[in-house]
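Chemist: got a sequence here, can you model it:
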Amino acid sequence: MTAVHPRLVAAFAALDEAAVPWALVRGADELAAPTGDVDLLVDRGALPRLDRVLADAGFVRMGQLGHGSHRFYFDLDPDDGTWIKLDVVTAVDFGPLQTLRSSLAPAVLARRRAEDGLRRLARDDEDWLFLLHLLLDKGEVAPRRQEAALRAAARASLDGPVATAVDRLTGEGAARAALGALRSGNPDAARREALALRRRWIRRAPVAAGARWLLGKAARTLDVPVTGGPEGVVVAIVGPDGAGKSTLSDGLRSRWPGSSRPVYMGLWQAGRWDPVLHRLPGGRLGQRTARAVRGSLSARWHRGRRRLVVLDRSPLDLRLPGARDDSLGGRITERVLTALAPEPDVVVVLDAPGTVMFARKGEHSAEVLEERRQGYLALAAELPAALVVDATLPPAEVARRALVRTWQRVAGREPAGSPAR
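Modeler: You can find the predicted model right below:
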């Protein structure tokens, strides 16, 4: 019996219940604890309802345009902070940016089989599509894939439907040549055959292939988000100096499956023009106001682009005891931030004893840091979006907790009640 991760069980069941024709493309032996994409082929006619069907199983579509028919759906395992990723296609295309088109999908999907509760491709189709994935998508057989490639090449038929299509698309004898290179186990031979196969495939329609490559490359370069994906999310990480804000920001962004941007919202960082600006009447106020406007608009822009925005510093700091500047300049800056800065969707309050934070950075004193700590804890009690995290935990665990809460927000599963720890 094939072992399958519970999240995948839910996704596969949702597809079956909605009568969506689907099949696992490869990787049946890796479903218990998938470390990469779980590749599915789905009937094109199901696309209008696919997002809703998978959302009911807990998966959210994310990503950018420029990936051909690929649609990426994510869910987070909260226990270990790992992502379960579905890579769903409606076409059997190959090559960089899916420029090598075929019409194989309907027939391949029609030949799928049921095995151990899964929908899998016919054995010969499964072997051939795996081998073509190595040759045309990867351009080689990596050492870790060598054994699997040899097994698939030994089973693959030269008179099956996919082999026949390869000959039709790239010339008589192409399938035999590809299998010969793969069965030899020679990596150099496989690379040479991969290059030759790509070139012959492109020669069928060079203009169309080139246009698809350019459009895909442009979409990826411009980081164009998919339509229908979740809105952007703004995360504010707050806490005294030494709490680990920068470490968490880096850890959260590195684990996020979509695009992300850090936005600095501080007003007092040093700049090379400070000596000049601070001599001018109103120069310091103008500088602070410009920084407030720039940071606020940048955060709004990136959230509008459906990105994760991680705020370094936050206007929330102005609500701490003794933090408010009642001067004219302070009041102007506060009004600008109040009017323009986006409200954080998630507030992560990093909590650690003042002695710990002083030992980390040596700034201020342990007593001052403890006082600020208590201020942040009082602020967290007022914020429904706040998550208090023990900043003395290992950085990976701190990042996991922040990641789980952020994903709960994106997926619409936020817990109710008082700020969590």
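Chemist: please name the residues that touch Gln343.
Modeler: That one is not Gln; residue 343 is Glu. Residues in contact with Glu343 (C-beta atoms under 8 Å, 6 or more residues apart in numbering) are Val234. For glycine as for every other residue, the C-beta is placed from the backbone atoms N, C-alpha and C.
Chemist: go again using 10 Å as the cut-off
Modeler: 234, 236, 315-316, 385 (C-beta atoms under 10 Å, 6 or more residues apart in numbering).
Chemist: check it and give its pLDDT.
Modeler: For Glu343, the pLDDT comes out at 90.
Chemist: try Ala165
Modeler: 95.
Chemist: which residues are in contact with it?
Modeler: Counted by C-beta under 10 Å, 6+ apart, Ala165 has contacts 92, 102-104, 107-108, 128, 132, 175.
Chemist: thinking again about what came up before, show the buried residues in the contacts of Glu343.
Modeler: Buried by 16 or more other C-beta atoms under 10 Å: 234, 236, 315-316, 385, out of the contacts of Glu343.
Chemist: for this structure, which element, helix or strand, carries the lowest mean pLDDT?
Modeler: helix 274-277 (a mean of 59; mean pLDDT, DSSP states H and E).
Chemist: tell me who's in contact with the most centrally placed residue in the chain.
Modeler: Closest residue to the average C-alpha location of the chain: Pro257 at 1.4 Å, with C-alpha atoms, centre = their mean. Pro257 makes contact with 60, 62-63, 72, 74, 76, 83, 85, 308, 407, according to C-beta under 10 Å, 6+ apart.
Chemist: among the residues you listed, name the ones in helices.
Modeler: Trp407 (DSSP state H).
Chemist: relative to Arg26, which of the contacts of Pro257 is nearest.
Modeler: Lys85 (14.2 Å; C-beta to C-beta).
Chemist: at which residues are the strands of the stretch 201-350 of the chain located?
Modeler: 233-238, 260-264, 308-312, 346-351 (DSSP state E, counting those that start in this stretch).
Chemist: so which of those gets nearest Pro143?
Modeler: strand 260-264 (32.3 Å).
Chemist: list the buried residues for the closest one?
Modeler: 260-263.
Chemist: pull up the pairing partners for that strand, direction included.
Modeler: strand 308-312 (parallel) (DSSP bridges).
Chemist: contact partners for Arg212?
Modeler: With C-beta under 10 Å, 6+ apart, Arg212 has these contacts: 68, 93, 95, 97-101, 205.
Chemist: of the residues you listed, just the buried ones, ChimeraX syntax please.
Modeler: Buried residues among the contacts of Arg212 (16+ other C-beta under 10 Å), as a ChimeraX selection:
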select :68,93,95,97,98,99,100,101
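Chemist: centre of the chain to stretch 332-351, how far?
Modeler: 25 Å (C-alpha atoms, centre = their mean, to the nearest Å).
Chemist: also stretch 120-133?
Modeler: 27 Å.
Chemist: for stretch 368-381, same thing?
Modeler: For stretch 368-381 - counting by C-alpha atoms, centre = their mean - the centre lies 33 Å from the chain centre.
Chemist: what's the mean pLDDT across it?
Modeler: Across stretch 368-381, pLDDT averages out at 92.
Chemist: likewise for stretch 227-240?
Modeler: 89.
Chemist: what's the straight distance from one end of that stretch to the other?
Modeler: Counting by C-alpha to C-alpha, to the nearest Å, you get 38 Å between the two ends of stretch 227-240.
Chemist: quick check: chain neighbours aside, which residue is closest to the residue nearest to the centre of the chain?
Modeler: Phe74 (5.0 Å; C-beta to C-beta, 6 or more residues apart in numbering).
Chemist: count of residues packed around the one you found?
Modeler: Around Phe74 there are 22 other residues, counting by other C-beta atoms under 10 Å.
Chemist: do Val346 as well
Modeler: 24.
Chemist: distance of the closest residue in space to it that isn't next to it in sequence relative to Ala385?
Modeler: Distances taken as C-beta to C-beta, 6+ apart place Val235 nearest to Val346, at 4.6 Å, with adjacent residues excluded. For Val235, the distance to Ala385 equals 9 Å [C-beta to C-beta, to the nearest Å].
Chemist: what is in contact with those two at once?
Modeler: By C-beta under 10 Å, 6+ apart, the residues touching both Val235 and Ala385 are 344-348, 405, 409.
Chemist: could those residues go into a markdown table alongside distance to Trp201?
Modeler: Shown next, in a markdown table, are the shared contacts of Val235 and Ala385 (distance: C-beta to C-beta, whole Å):
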| residue | distance to Trp201 |
| --- | --- |
| Pro344 | 49 |
| Asp345 | 45 |
| Val346 | 46 |
| Val347 | 51 |
| Val348 | 49 |
| Arg405 | 46 |
| Arg409 | 44 |
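Chemist: out of these, which are buried?
Modeler: In those, the ones that pass as buried (16+ other C-beta under 10 Å) are 344-348, 405, 409.
Chemist: ok, those residues vs Val224, which is closest?
Modeler: Out of these, the member with the shortest distance to Val224 (by C-beta to C-beta) is Asp345, at 22.4 Å.
Chemist: show me the shaky parts of this protein.
Modeler: Scanning the chain for pLDDT under 70 picks out the ranges 1, 266-286, 322-326, 329, 414-421.
Chemist: so what's Arg44 closest to, chain neighbours aside?
Modeler: Thr90 (4.2 Å).
Chemist: I'd say the one you found and Pro48 touch.
Modeler: No - in this structure Thr90 lies outside contact range of Pro48 using C-beta atoms under 10 Å: 11.7 Å.
Chemist: mind checking how far Arg291 is from Pro315?
Modeler: In terms of C-beta to C-beta, Arg291 sits 12 Å off from Pro315.
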